[in-house]
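S.K.: Whatever this is, show me its structure:
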Amino acid sequence: MNVVILAAGKGTRMCSGLPKVLHPVGGMPMLGHVLRTAQALNPKKIIVVIGHGADQVKAVIQALPEISKGVPIDWVIQDPPQGTGHAVAQALPKLDPQSTALILYGDVPLIRSQTLRQLVDTAEKNRSLAVLTAMLDSPTGYGRIVRDGHQHIQGIVEEKDADAAIRAICEINTGFMAAPAEHLAAWVSAIDNRNAQKEFYLTDIIAKSVAEGKAVHSLRSDHIEEILGVNSQEDRAQIERIYQRRIAEQLMSAGVRLQDPERIDVLGQLECASDVSISVGCIFEGRVQIAAGAVIGPHCVIRNAQIGQETVIEAFSHIDGAAIGPRSVIGPYARLRPGTELAEGVHIGNFVEVKNSVLGPRSKANHLSYLGDASIGSRVNVGAGTITCNYDGAEKHRTTIEDDVFIGSDTQLVAPVTVGRGATLGAGTTLTQDAPEDALTISRAQQVTIKNYRRPQKKEH
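M.R.: Presented below is the predicted three-dimensional model:
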C-alpha cells in the first residue's frame, strides 16, 4: 500500500498565517494525526503533497518524534494549487505502480485506521476504485454520490456544479479513496478542469472508471465525526471537542474516574492506571503518566510528568517536567518545574515552587517557599517562606540539605551551601556558610527596642 496525503491548502477561512494542516487538535498538528493514522496501516510508502507554507509544514512535522520514527515521508510540492486531481498528479511519479494507493487529507484528522483498512481491503478485493461515502441529513458543501437505478455509482458531482435534483441527494463523497495505483495514474492523467472552479477534480476519476467498464465500489462510514474536515476555526473547535470526548471515553473504559468527561483537555499522551480520579478543568500536555489510585484535583495543568501511586494533586497546581513519587501530596497552587524529583510521601504545599530539585522520602515544604537547584534528603521540614538563593546573577549554584533537617520559617540559603544531617536552622536565618549536623544554626540581627520612637508624620498643607 502507498498512502498519498493531500496537505497543500492555504486555509483562507482559518484567518491565520499558520498553514491549515498545522492547526492543532489535541496538541498535535492535524497533519500529524493523519500521518499517525497512516503509519498504523503499515504502508510501504507515504507521500505528502504540500504547497502553502511548505517549508514550515515540513519542519514542524519532521520535529514530531512519533512521526519521525515511522515510515519515511516523501514530500512533493503542488504549486500553484489547481485542485485535488492536480495534487494527486504531483504524487504519481512517487507511487509504486503495483501498489494500492490510498488518498487521505491533511485537514481531516479524525479518520479511523479501521475505516481506512476496510476501504483498502475493498479496493484490493475487487481490484477497483473504492470510495468512502456517508449519509448526511444536511449535505450542503459536499460532493454528491450519483448512482444509477441499480445503485451502481456513476459519478460524483461537486455542489457548485450540481442542479437541484443532485443537491437533494444525501449520500456524500468524503474524499477518501483507494485504487490500484496503475489505474489511478491513468485516470488522473485523463481528467480536465472544465467545471465551475476551473480545477482538476479528483472525483472525476469515478466517471473515468465507469466509462472503462470498471465498477466503482463504496464503503459507507457510520461514524460521521471521522469524515469531518476543517475549513474554519469553528470547525477546528468542533473537532477538538469530538477528539477530547474520544480520549475521555478511552480513559473511562480503562477505569479512570472523570468528574465530567466534557471538561478535560488532553493535548498529548495521557496514560492512566485504574482508579485514577480526575476532576474538572484539568489540562494534560506532552506525555503524562499517572499511577493507580492517584487523585488530580480541579484546574491542574500537568505537562510531561509522572505521578506516583495514590498521590494527590490538589487544585490549581502546575506540574511541568516533574517526577512525583507515591503517596505524595502536592498543592493547592503548587508549581513543580522541570528537573523536580520527589520521592515517596513528599508534601509540597500551597504557593511552593520547586525547580531542578530532588526531595527525599517524607520531606515537606508546605507553605510559600522556593526550592531551586537543591538536593534535599529524607524527613526534612522546610518552613514557610524559605528560599534557596541559587542564582548569583551569572551562574546557578546548588543547595544540599541532608536528612532530618528542620529549617525554620523565613530562611534564606545562599548557595552553594550545605546543611548537615539533623541540623536545625532558626527562623529568619540567612545561611551563607555550611551548617553543621545535629546543631542549631541561627543568623539574625540583634533585636533592639527604641523607646519614645515616633514615626514620621505627613506634613499638613
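
S.K.: and the helix or strand of the chain with the lowest mean pLDDT, what does it pack onto?
M.R.: Ranking every helix and strand in the chain by mean pLDDT, DSSP states H and E puts helix 65-68 at the bottom, with a mean of 86. Here helix 65-68 touches helix 30-40, going by 3 or more Cβ pairs under 8 Å, 6 or more residues apart in numbering; DSSP states H and E. Where C-beta positions appear, they are placed from N, C-alpha and C, glycine not excepted.

S.K.: The helix it packs on: which residues count as buried?
M.R.: 30, 31, 32, 33, 34, 35, 36, 37, 38, 39 (16 or more other Cβ atoms under 10 Å).

S.K.: Check the offset of that helix from the chain's centre.
M.R.: Distance of helix 30-40 from the chain centroid (Cα atoms, centre = their mean, to the nearest Å) equals 13 Å.

S.K.: quick one, the longest helix seen in the chain and helix 30-40 angle?
M.R.: The longest helix of the chain (DSSP state H) is helix 233-253. Counting by axes from the mean of the first three to the mean of the last three Cα atoms, to 10 degrees, helix 233-253 lies at 50 degrees to helix 30-40.

S.K.: after helix 233-253, next one along is what?
M.R.: Counting by DSSP states H and E, the element after helix 233-253 in chain order, helix or strand, is strand 257-258.

S.K.: Quick one: name whatever helix or strand follows that next one.
M.R.: Along the chain past strand 257-258, the next helix or strand (assigned with DSSP H and E) turns out to be strand 264-272.

S.K.: From the contact counts, what lies against whichever helix or strand comes after that next one?
M.R.: Using DSSP H and E, the helix or strand that directly follows strand 264-272 along the chain is strand 277-278. Secondary-structure packing of strand 277-278 (3+ Cβ pairs under 8 Å, 6+ apart): strand 257-258, strand 295-296.

S.K.: Among those, pick out the one with the most neighbours on average.
M.R.: Of these, the one with the most neighbours on average (mean count of other Cβ atoms under 10 Å) is strand 295-296, at a mean of 24.

S.K.: Mean confidence (pLDDT) on that one, please.
M.R.: Mean pLDDT, strand 295-296: 98.

S.K.: Okay, helices next: where are they in the protein?
M.R.: Secondary structure of the chain by DSSP H: the helices cover 30-40, 54-62, 65-68, 84-91, 113-126, 164-167, 181-190, 205-211, 233-253.

S.K.: what's the closest of those to residue 376?
M.R.: When these are compared for distance to residue 376 using Cβ to Cβ, the nearest one is helix 65-68, at 32.3 Å.

S.K.: For that closest one, list the C-alpha coordinates in CSV.
M.R.: C-alpha atoms of helix 65-68 as CSV (Å, rounded to 0.1, in the frame of the first residue of the first chain):
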residue,chain,number,x,y,z
PRO,A,65,9.1,12.3,17.5
GLU,A,66,6.4,9.8,16.9
ILE,A,67,6.2,10.7,13.2
SER,A,68,9.9,10.9,12.5
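
S.K.: For it, give me every contacting residue.
M.R.: 32, 35, 36, 39, 61, 62, 73 (Cβ atoms under 8 Å, 6 or more residues apart in numbering).

S.K.: Likewise for stretch 32-39?
M.R.: With Cβ under 8 Å, 6+ apart as the test, stretch 32-39 has contacts from 3, 5, 7, 25-26, 28, 46, 48, 61, 64, 66-67, 70-71, 73, 102, 104-106, 108-113, 116.

S.K.: want to throw the helices and strands packed on strand 277-278 into a markdown table with distance to residue 373?
M.R.: Below are the helices and strands packed on strand 277-278 laid out as a markdown table (distance: least, Cβ to Cβ, whole Å):
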| stretch | distance to residue 373 |
| --- | --- |
| strand 257-258 | 37 |
| strand 295-296 | 27 |
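
S.K.: quick one, which of the ones you listed is nearest to residue 322?
M.R.: strand 295-296 (13.6 Å).

S.K.: so what does that closest one touch, helix or strand wise?
M.R.: Using 3+ Cβ pairs under 8 Å, 6+ apart, strand 295-296 sits against strand 277-278, strand 312-313.

S.K.: That strand pairs with which strands?
M.R.: Sheet pairing of strand 295-296 (DSSP bridges) gives strand 277-278 (parallel), strand 312-313 (parallel).

S.K.: Deepest-packed of the ones you listed, please.
M.R.: Highest mean neighbour count of the strands paired with strand 295-296: strand 312-313, a mean of 24 (counted as mean count of other Cβ under 10 Å).

S.K.: sorry, back to before: and of the helices of the chain, who's closest to residue 327?
M.R.: Among the helices of the chain, helix 233-253 sits nearest to residue 327 (Cβ to Cβ), with 22.3 Å.

S.K.: List the contacts of the closest one.
M.R.: 14-16, 23, 25-26, 30, 109-110, 225, 228-230, 258, 261-262, 264-266, 270, 272, 278.

S.K.: Which of those residues are buried? Put it as a ChimeraX command.
M.R.: Only the buried entries of those go into this ChimeraX selection, using 16+ other Cβ under 10 Å:
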select :14,23,25,26,30,109,110,225,228,229,230,258,261,264,265,266,270,272,278
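
S.K.: burial count for the nearest residue to residue 120 once chain neighbours are set aside?
M.R.: Leaving aside its sequence neighbours, residue 120 sits nearest to residue 178 (Cβ to Cβ, 6 or more residues apart in numbering; 4.9 Å). Counted by other Cβ atoms under 10 Å, the residues lying close to residue 178 total 29.

S.K.: so how far is residue 255 from the nearest residue to residue 437 once chain neighbours are set aside?
M.R.: Spatially, and ignoring its direct neighbours in sequence, residue 437 is nearest to residue 420 (3.1 Å; Cβ to Cβ, 6+ apart). According to Cβ to Cβ, to the nearest Å, residue 420 and residue 255 sit 46 Å apart.

S.K.: Compute the inter-axis angle for the longest helix of the chain and strand 264-272.
M.R.: Using the same axes, to 10 degrees: helix 233-253 against strand 264-272 is 30 degrees.

S.K.: which residues sit against stretch 195-202?
M.R.: The contact list for stretch 195-202 (Cβ under 8 Å, 6+ apart) reads 82-89, 103, 158, 160-161, 175, 177, 188, 191-193.

S.K.: Mind giving me the PyMOL command for buried ones among those residues?
M.R.: A single PyMOL command selects the buried members of the contacts of stretch 195-202 (16+ other Cβ under 10 Å):
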select buried, resi 82+83+84+85+86+87+88+89+103+158+175+177+188+191
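
S.K.: For residue 157, give me its contacts.
M.R.: Residue 157 touches 143, 144, 146, 166, counting by Cβ under 8 Å, 6+ apart.

S.K.: List buried residues within those.
M.R.: Looks like the contacts of residue 157 have 143, 144, 146, 166 buried, using 16+ other Cβ under 10 Å.

S.K.: Closest one of those residues to residue 345?
M.R.: Among the buried ones among the contacts of residue 157, residue 143 lies closest to residue 345 (Cβ to Cβ), at 61.6 Å.

S.K.: what's the closest one in contact with, if anything?
M.R.: Contacts for residue 143 (Cβ under 8 Å, 6+ apart) come out as 156, 157, 158, 159, 172, 173, 203.

S.K.: For it, grab phi and psi.
M.R.: phi -70, psi 140 (degrees, to the nearest 10).
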